[in-house]
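Novice: For reference, the sequence and a predicted model appear below.
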Amino acid sequence: MSCGTIAGYTRHRINNEPYCQDCRDACAAYERQRRRDRGIGPVSPSVCGTYSGYTAHYKRAEEPCRACKDAHSVYQRQFRREARRRARRGTIRSVVADYLETYDALTLTELVFLIQHRHPDITNRQIRDAVGGLLRAGRVLSDPDELGAVYRCEPAGQPV
(Lines give C-alpha, C1' and ligand atoms only; values in the text may rest on other atoms or scores of the structure.)
Protein backbone atom coordinates (compact mmCIF):
# COMPACT_ATOMS: atom_id res chain seq x y z
CA MET A 1 0.00 0.00 0.00
CA SER A 2 1.36 3.33 -0.99
CA CYS A 3 1.20 6.65 0.72
CA GLY A 4 -1.26 9.22 -0.58
CA THR A 5 -4.28 6.90 -0.31
CA ILE A 6 -6.86 6.06 2.32
CA ALA A 7 -5.28 2.62 2.65
CA GLY A 8 -1.93 4.28 3.34
CA TYR A 9 -3.52 6.55 5.93
CA THR A 10 -5.12 3.50 7.59
CA ARG A 11 -1.79 1.68 7.58
CA HIS A 12 -0.17 4.62 9.40
CA ARG A 13 -2.97 4.54 11.98
CA ILE A 14 -2.79 0.77 12.52
CA ASN A 15 1.00 0.76 12.81
CA ASN A 16 0.86 3.75 15.16
CA GLU A 17 3.11 5.76 12.84
CA PRO A 18 3.02 9.50 12.22
CA TYR A 19 0.90 10.39 9.17
CA CYS A 20 2.75 11.71 6.11
CA GLN A 21 1.41 14.82 4.36
CA ASP A 22 0.27 12.84 1.27
CA CYS A 23 -1.88 10.53 3.45
CA ARG A 24 -3.32 13.50 5.37
CA ASP A 25 -4.30 15.18 2.09
CA ALA A 26 -5.87 11.95 0.80
CA CYS A 27 -7.87 11.50 4.00
CA ALA A 28 -9.06 15.14 3.94
CA ALA A 29 -10.17 14.79 0.29
CA TYR A 30 -11.95 11.53 1.10
CA GLU A 31 -13.80 13.09 4.05
CA ARG A 32 -14.80 16.15 1.99
CA GLN A 33 -16.19 13.90 -0.75
CA ARG A 34 -17.98 11.70 1.80
CA ARG A 35 -19.64 14.74 3.39
CA ARG A 36 -20.63 16.05 -0.05
CA ASP A 37 -22.17 12.68 -0.99
CA ARG A 38 -24.20 12.63 2.22
CA GLY A 39 -25.42 16.18 1.70
CA ILE A 40 -23.53 17.51 4.70
CA GLY A 41 -22.03 20.95 4.21
CA PRO A 42 -18.52 21.95 5.13
CA VAL A 43 -17.66 22.09 8.80
CA SER A 44 -18.00 25.64 10.05
CA PRO A 45 -15.37 26.92 12.45
CA SER A 46 -16.39 27.22 16.07
CA VAL A 47 -17.32 30.69 17.23
CA CYS A 48 -15.97 32.12 20.46
CA GLY A 49 -18.56 32.64 23.17
CA THR A 50 -20.20 29.24 22.60
CA TYR A 51 -19.77 25.79 24.08
CA SER A 52 -18.34 24.53 20.77
CA GLY A 53 -15.87 27.43 20.86
CA TYR A 54 -14.75 26.28 24.30
CA THR A 55 -14.24 22.70 23.07
CA ALA A 56 -12.29 24.00 20.05
CA HIS A 57 -9.91 25.83 22.42
CA TYR A 58 -9.58 22.65 24.47
CA LYS A 59 -8.82 20.50 21.42
CA ARG A 60 -6.14 22.96 20.29
CA ALA A 61 -4.64 22.89 23.81
CA GLU A 62 -5.21 26.63 24.18
CA GLU A 63 -6.36 28.64 27.15
CA PRO A 64 -10.07 29.38 26.48
CA CYS A 65 -11.06 33.02 26.20
CA ARG A 66 -13.36 34.60 28.81
CA ALA A 67 -16.45 34.41 26.54
CA CYS A 68 -15.91 30.67 25.95
CA LYS A 69 -15.35 30.04 29.66
CA ASP A 70 -18.63 31.80 30.43
CA ALA A 71 -20.47 29.79 27.76
CA HIS A 72 -18.97 26.57 29.16
CA SER A 73 -20.08 27.52 32.69
CA VAL A 74 -23.65 28.15 31.51
CA TYR A 75 -23.69 24.84 29.62
CA GLN A 76 -22.34 22.88 32.61
CA ARG A 77 -24.80 24.54 34.99
CA GLN A 78 -27.74 23.62 32.74
CA PHE A 79 -26.41 20.09 32.23
CA ARG A 80 -26.05 19.50 36.00
CA ARG A 81 -29.47 20.98 36.72
CA GLU A 82 -31.09 18.68 34.14
CA ALA A 83 -29.14 15.67 35.46
CA ARG A 84 -30.33 16.41 39.00
CA ARG A 85 -33.89 16.81 37.76
CA ARG A 86 -33.76 13.49 35.88
CA ALA A 87 -32.26 11.71 38.89
CA ARG A 88 -34.75 13.35 41.25
CA ARG A 89 -37.72 12.24 39.13
CA GLY A 90 -36.91 8.57 39.76
CA THR A 91 -36.06 9.24 43.39
CA ILE A 92 -39.39 10.91 44.19
CA ARG A 93 -41.28 8.06 42.57
CA SER A 94 -39.37 5.53 44.68
CA VAL A 95 -40.00 7.58 47.87
CA VAL A 96 -43.75 7.64 47.13
CA ALA A 97 -43.76 3.90 46.42
CA ASP A 98 -41.87 3.21 49.67
CA TYR A 99 -44.39 5.20 51.73
CA LEU A 100 -47.34 3.49 50.05
CA GLU A 101 -45.81 0.06 50.65
CA THR A 102 -45.04 0.90 54.28
CA TYR A 103 -48.39 2.46 55.24
CA ASP A 104 -50.57 0.23 53.02
CA ALA A 105 -53.50 2.58 52.26
CA LEU A 106 -53.28 6.36 52.23
CA THR A 107 -55.21 9.28 50.81
CA LEU A 108 -53.19 11.78 48.80
CA THR A 109 -53.42 14.31 51.66
CA GLU A 110 -52.01 11.81 54.16
CA LEU A 111 -49.28 10.82 51.73
CA VAL A 112 -48.25 14.44 51.15
CA PHE A 113 -48.20 15.10 54.90
CA LEU A 114 -46.02 12.06 55.66
CA ILE A 115 -43.57 12.67 52.84
CA GLN A 116 -43.21 16.40 53.43
CA HIS A 117 -42.63 15.82 57.13
CA ARG A 118 -39.49 13.85 56.23
CA HIS A 119 -38.64 15.51 52.86
CA PRO A 120 -39.71 19.18 53.01
CA ASP A 121 -38.10 19.94 49.63
CA ILE A 122 -40.53 17.66 47.75
CA THR A 123 -43.59 19.63 46.60
CA ASN A 124 -47.26 18.57 46.50
CA ARG A 125 -47.15 18.60 42.70
CA GLN A 126 -44.09 16.34 42.57
CA ILE A 127 -45.84 13.83 44.86
CA ARG A 128 -49.03 13.98 42.81
CA ASP A 129 -47.06 13.49 39.57
CA ALA A 130 -45.18 10.54 41.09
CA VAL A 131 -48.46 8.90 42.16
CA GLY A 132 -49.80 9.44 38.64
CA GLY A 133 -46.68 7.83 37.17
CA LEU A 134 -46.99 4.86 39.51
CA LEU A 135 -50.69 4.53 38.56
CA ARG A 136 -49.79 4.49 34.85
CA ALA A 137 -47.03 1.96 35.52
CA GLY A 138 -49.52 -0.28 37.32
CA ARG A 139 -47.67 -0.21 40.65
CA VAL A 140 -50.41 1.69 42.53
CA LEU A 141 -54.05 0.74 42.92
CA SER A 142 -56.66 3.38 43.56
CA ASP A 143 -59.75 2.56 45.63
CA PRO A 144 -62.34 5.34 45.74
CA ASP A 145 -64.00 5.98 49.08
CA GLU A 146 -66.28 8.70 50.47
CA LEU A 147 -63.36 11.12 51.01
CA GLY A 148 -61.56 10.55 47.71
CA ALA A 149 -59.07 8.03 46.40
CA VAL A 150 -57.07 5.75 48.67
CA TYR A 151 -53.84 4.48 47.16
CA ARG A 152 -52.20 1.11 47.71
CA CYS A 153 -48.83 0.16 46.25
CA GLU A 154 -48.08 -3.24 44.77
CA PRO A 155 -44.51 -4.36 45.59
CA ALA A 156 -42.15 -4.10 42.62
CA GLY A 157 -42.05 -7.23 40.50
CA GLN A 158 -45.56 -8.44 41.39
CA PRO A 159 -48.32 -8.06 38.84
CA VAL A 160 -51.26 -5.86 39.68
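Specialist: That came in fine, so what should we check first? Numbering: from 1, shown residues only.

Novice: domain parsing for this protein?
Specialist: Domain assignment for the chain, taken from automatic domain parsing, gives 1-40, 83-153.

Novice: Flag every buried residue along stretch 32-48.
Specialist: Ser46, Cys48 (16 or more other Cβ atoms under 10 Å). In short, each C-beta sits where N, CA and C put it, glycine included.

Novice: measure it end to end?
Specialist: Using Cα to Cα, to the nearest Å, the end-to-end distance of stretch 32-48 comes to 24 Å.

Novice: Look up the pLDDT of the residue most central in space within the chain for me, please.
Specialist: Nearest to the geometric centre of the chain sits Ala83, at 6.2 Å (Cα atoms, centre = their mean). Confidence at Ala83, expressed as pLDDT, is 77.

Novice: and it, what element?
Specialist: Following DSSP states H and E, one finds Ala83 within helix 66-103.

Novice: I'd like to know which elements that helix is packed against.
Specialist: Contact analysis of helix 66-103 by 3 or more Cβ pairs under 8 Å, 6 or more residues apart in numbering; DSSP states H and E lists helix 51-59, helix 108-118, helix 124-137, strand 148-153 as its packing neighbours.

Novice: so which of these comes closest to His12?
Specialist: Of all the helices and strands packed on helix 66-103, it is helix 51-59 that lies closest to His12, at 20.5 Å by Cβ to Cβ.

Novice: Report the distance from that closest one to the chain centre.
Specialist: From the chain centre to the centre of helix 51-59 is a distance of 20 Å (Cα atoms, centre = their mean, to the nearest Å).

Novice: what does that helix contact?
Specialist: Counting by Cβ atoms under 8 Å, 6 or more residues apart in numbering, helix 51-59 makes contact with Pro45, Ser46, Val47, Glu63, Pro64, Cys65, Ala67, Cys68, Lys69, Ala71, His72, Tyr75, all of which sit outside it.

Novice: Find the nearest non-adjacent residue to the fifth one, please.
Specialist: This means Pro64. Nearest non-adjacent residue to Pro64, counting by Cβ to Cβ, 6 or more residues apart in numbering: His57, 4.0 Å away.
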